[in-house]
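Asks: below is the sequence, then the predicted model.
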Amino acid sequence: MTQTHDGTAGTPAPEEAGRYDAHAMQERWLPVWDSLAPFRSGAAGDERPKKYVLDMFPYPSGDLHMGHAEAYALGDVVARYWVQRGYDVLHPIGWDAFGLPAENAAIKRGLDPRGWTYDNIAQQRASMRRYACSFDWDRVLVTCDPQYYRWNQWLFLRMHEKGLAYRRPSLVNWCPNDQTVLANEQVVQGLCERCDTPVTKKKLTQWYLRITDYADRLLDDMSQLEGSWPDKVLSMQRNWIGRSTGADVRFRIEGRDEPVTVYTTRPDTLYGATFFVVAADSDLAAELAADAPEQVRQEFGAYVEQVRAASDIDRLATDRPKTGVFLHRYAVNPATGEPMPVWAADYVLADYGHGAIMAVPAHDQRDLDFARAHDLPVRVVVDVRGEDGEPLPDPAESGVATAGDGVLVNSGPLTGLRKAEAIAAMTERLAEEGTGAATTNYRLRDWLISRQRYWGAPIPIVHCDACGEVRVPDEQLPVELPPAEGLDLKPKGSSPLGGAEDWVNVDCPSCGGAARRDTDTMDTFVDSSWYFLRFCSPDRDDVPFDQAEVERWMPVGQYVGGVTHAILHLLYSRFFTKVLFDLGMVSFTEPFSRLLNQGMVLMGGSAMSKSRGNLVRLSEQLDEHGVDAIRLTMAFAGPPEDDIDWADVSPAGSAKFLARAWRLARDVTSQPGSDPATGSAPLRAVTHRTLHDAQQLVESFRFNVAVARTMELVNATRKAIDDPGVGPADPAVREAVEAVAILLGLYAPYTAEDMWAQLGHEPCVARAGWPAVDPALLVEDTVTCVVQVQGKVRDRLEVPPGIGEDELRELALASERVQAALAGRSLRTVVVRAPKLVNIVPA
RNA sequence: GCCCCGGUAGCCCAAUCGGCAGAGGCAAUCGACUCAAACUCGAUCCAGUGUGGGUUCGAAUCCCACCCGGGGCACCA
């Protein structure tokens, strides 16, 4: 390190030519920062209060792009702000490094995914350094390192012990392109989230995590996050969990010993249940059809085949006709004793509730559509009125089911009750008769975590003919992935690990006999469900995380990332945290106290993509405008959660502003330490007001406004320097420019550092500390009072802020312009809001 | 279909409690500097807040209805 930054020693100013050169600054300060490591966190004896600021870690697919640039710029504002405020900030970074892109690239090039992955990590890491991310580089973690995924496996085993990890056969989502199963959360509109291929169904035995056990807590604990997480995310999670309350009702089926249970949210409408529907692809449907006449059996068989062949996309279409097959069986309505025809149909889902429903066509649109298509009876049992108080038209004729509130009719003892009363009464009666009970259902399904692909953490289970599923003992962890060399990684529907004979065949840890390893790997969302804990003690090799360190830092005080993870990653992480709480490993139940979702970076109104031809390359932007200008543009573009259209913003404008700010530092002629109290009072007021407001603004994520206020301060300072009455030697000017350097440090670290050096200070400006705001300077000596006549501004008065109402009223009424506007009319009211406003209302 | 968010100048966006519609920027135009241009500096231009009602002394802000845009969930019984 040379003394180039040492302005006090008479060495040349950093930019002696007097020109702002973003690239020269980058070259100058990077090595300085490397050696000073201003963002190292958690040092022994560091007494600063702790704060955990976390950016969602990236997937290492090639170099950083514009989206990363936005996310990391915004996360950095928050992290740097708290450092400046005197906190010991944990701001780590790592890589979510397992996953399909690496594997697919490896297949394409015939290489091991490791090489591709670590090359990309090295590239991203270098880019992050240049981008001046304030990461603690001593805490880097990479999920595909055995030292990391070892603890994935360890956590899996703990869950397995608790029965929270289990294997079962079921109909699962299958992506024919990626040749692997998908979790429910990874299917978007019937398409694979990753590659947009239509998802099909397959019957497979797979590993699940029992997230449904935590549905209530995942839902109810959201009250803790209210106000600290975006409403949008909370509502998405609520929707996703989809809790509904209702009742289970048991129906006797003629010719079957066991009754069949259905779930309904409307037990009050039991008297209106006129038929019964079972999911066509359910076991129950097959069983009921088996005893039906031959012709029905054939019809049913053909129907089921057709249903199975239909993709999710077909199923999702809302205007599809309601199809089904009458099974020639009858269920008995427990309320009326009437026989109800049993149909098999695909509008009933096999894996929700019990895969069978009581159909109440009068009050459920889907049932009504089905009844009308198949000529089944419709019976109204709730008198639902419109807004005008008139009864709604008969659903059987109108084709519109009446699902709203009303009074029960044709319903035996329920008749005359309102909907809510009737639900309670019927639930009670079912319980008394032993034919039903109140119950809760969820849309949320258990989390399917097995993947039939190579590049993931192996599931640490051994299958033994004698002992069954055997957990790999902790001391044998990690179960390392075998080298890809010699394995056929091409997707073929079963895990490539099956081909690694030496790896698969092991002795059973329990009986020592011949056994085989489980060949599936874990969903990469398992990796990211606890990485924030690992950052607290990334080097511990005896435990997944150091509990004392976790208690010191967690929960994450500020999490920053894209809304694309609103459900998947955030729900899974919340789930893991609750499991770890139950295991006694953490003392909190929510991992992320505050969440900021940044928007996306668009170009010309749409998402950037190579195929669309609107790709903006980050590296080119950085070369053209410099790191600081790009970071500043990201912060200034608008509210962080809004999308940024790169066509609407001006990185060149940002660079211009930075140069303007930088020139202020160049022009200051006073020495460090000069007493600002002797300087220009008006400029001091602006400086302190700006510092004061910036705190509020940054803490509430209004970075764009905070930048605008910094621009104001720059403008005011420039005016002061050019004002002969103030000038560059005024200590208030120095105070203002130092404030600018510190404020800009949040968005434009290179420029700020250079300014700091020009001002004669040692690096780093990032650790300079937030200047104390003098409350006395925030008090204005006069306030502009607006005088309105009938709501229209007629005059302005300069008044002291503490002026009394009566005095202000007199002053306002004395105004010539007001009198002119009144034109002699008498007064009705005079509204006085001292000191800012008087409104005079003439009669 | 249900739920949520938003609509302010040509554009991106501000506007603590209901109190002057404009903080900041982009673009445009003009001027100064320049041989000229770039840079820089200065100035100017531009909306009455999606529409219609209501509450109020006073509404971008609160209420109602509607229009437009974005998002989430969606045969979940």
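Replies: Here it is on my side, so go on. Predicted, not measured: the structure shown is a model, and the values here were computed from it.

Asks: model confidence at the closest residue to RNA strand B within the stretch 1-150 of chain A, what's the number?
Replies: Nearest residue of the stretch 1-150 of chain A to RNA strand B: A:R19, at 8.2 Å (C-beta to the nearest atom of the strand). (C-beta placed from N, C-alpha, C; glycine too.) A:R19 carries a pLDDT value of 81.

Asks: what's the burial count for it?
Replies: Using other C-beta atoms under 10 Å, A:R19 is surrounded by 11 other residues.

Asks: is it fair to say it lies in a strand?
Replies: No - A:R19: not assigned to a strand; according to DSSP: H, G, I helix; E, B strand; the rest coil it is coil.

Asks: what sits against it?
Replies: By C-beta atoms under 8 Å, 6 or more residues apart in numbering, no residues touch A:R19.

Asks: that one and A:M25: what is the separation?
Replies: Computed as C-beta to C-beta, to the nearest Å, the A:R19 to A:M25 distance reads 11 Å.

Asks: what's the answer for A:V378, then?
Replies: 76 Å.

Asks: these two: which is more packed in?
Replies: A:M25 (26 against 20).

Asks: avg pLDDT for stretch A:559-577?
Replies: 90.

Asks: so it, near RNA strand B or not?
Replies: Yes - using C-beta under 7 Å from any atom of the strand, a contact is recorded between stretch A:559-577 and RNA strand B, made by A:I567.

Asks: and that stretch, how far from the chain's centre?
Replies: Stretch A:559-577 sits 5 Å away from the centroid of its parent chain (C-alpha atoms, centre = their mean, to the nearest Å).

Asks: ditto for stretch A:278-294
Replies: 42 Å.

Asks: which strand or helix spans the closest residue to A:M603 other than its chain neighbours?
Replies: Spatially, and ignoring its direct neighbours in sequence, A:M603 is nearest to A:N614 (4.1 Å; C-beta to C-beta, 6 or more residues apart in numbering). Counting by DSSP states H and E, no helix or strand carries A:N614.

Asks: list the contacts of the residue nearest the centre of chain A.
Replies: Most central in chain A under C-alpha atoms, centre = their mean is A:A566, positioned 3.2 Å from the mean C-alpha point. Applying C-beta under 8 Å, 6+ apart to A:A566 gives the contacts A:232-233, A:236-237, A:597.

Asks: who are the contact partners of the closest residue to A:R709 other than its chain neighbours?
Replies: Spatial nearest neighbour of A:R709, chain neighbours left out: A:T690 (5.2 Å); criterion: C-beta to C-beta, 6+ apart. If a contact means C-beta under 8 Å, 6+ apart, then A:T690 has A:709-710, A:712-713, A:739, A:743 as its contacts.

Asks: near RNA strand B too, which of those residues?
Replies: Checking the contacts of A:T690 against RNA strand B (C-beta under 7 Å from any atom of the strand), the matches are A:709, A:712.

Asks: adding neighbour count, pLDDT and secondary structure, write the contacts of A:T690 out as TSV.
Replies: Converted to TSV, the contacts of A:T690 look like this (neighbours: other C-beta atoms under 10 Å; pLDDT from 0 to 100; DSSP: H, G, I helix; E, B strand; the rest coil):
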residue	neighbour count	pLDDT	secondary structure
A:R709	20	95	helix
A:T710	26	96	helix
A:E712	14	94	helix
A:L713	24	95	helix
A:A739	24	97	helix
A:L743	27	97	helix
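
Asks: check the contacts of A:T690 and tell me the two furthest apart.
Replies: Checked with C-beta to C-beta, the contacts of A:T690 reach their widest spread between A:E712 and A:A739, with 11.8 Å between them.

Asks: ok, which residues in the stretch 551-700 of chain A are in contact with RNA strand B?
Replies: Going by C-beta under 7 Å from any atom of the strand, the residues of the stretch 551-700 of chain A near RNA strand B are A:567, A:636-639, A:642, A:645, A:648-650, A:652-653, A:656-657, A:659-660, A:693, A:696.

Asks: got a quick ChimeraX command for the buried subset of those?
Replies: This is the ChimeraX syntax for the buried subset of those, where burial follows 16 or more other C-beta atoms under 10 Å:
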select /A:567,636,637,638,645,649,657,659,693
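
Asks: tell me which of the residues of the stretch 551-700 of chain A next to RNA strand B fall in helices.
Replies: A:636, A:652-653, A:656-657, A:659-660, A:693, A:696 (DSSP state H).

Asks: taking those, tell me the two that lie furthest apart.
Replies: So for these, where distance means C-beta to C-beta, the most widely separated pair is A:A652 and A:Q696, at 29.7 Å.

Asks: from RNA strand B, how far out is A:Q237?
Replies: Distance, A:Q237 to RNA strand B, by C-beta to the nearest atom of the strand, to the nearest Å: 9 Å.

Asks: quick check: closest non-adjacent residue to A:L759.
Replies: Going by C-beta to C-beta, 6+ apart, A:L759 has A:A665 as its nearest residue, at 5.4 Å.

Asks: for the helix or strand hosting the one you found, name the packing helices and strands.
Replies: Following DSSP H and E, one finds A:A665 within helix A:651-667. The helices and strands touching helix A:651-667, judged by 3 or more C-beta pairs under 8 Å, 6 or more residues apart in numbering; DSSP states H and E, are helix A:618-625, helix A:627-636, helix A:703-722, helix A:731-744, helix A:749-758.

Asks: tell me which stretches of the stretch 351-500 of chain A form helices.
Replies: Under the criterion DSSP state H, counting those that start in this stretch, helices of the stretch 351-500 of chain A are mapped to A:365-374, A:395-398, A:419-433.

Asks: so which of those helices comes closest to RNA strand B?
Replies: Comparing those under C-beta to the nearest atom of the strand, the one sitting nearest is helix A:365-374, at 4.4 Å.

Asks: need the residues that contact the closest one.
Replies: By C-beta under 8 Å, 6+ apart, helix A:365-374 touches A:274-275, A:277, A:321-324, A:326, A:343, A:345, A:347, A:357, A:359-362, A:376-378, A:395-396, A:399-401, A:403.

Asks: any weak-confidence spans in chain A?
Replies: The model of chain A has pLDDT under 70 over residues A:1-18, A:311-319, A:387.
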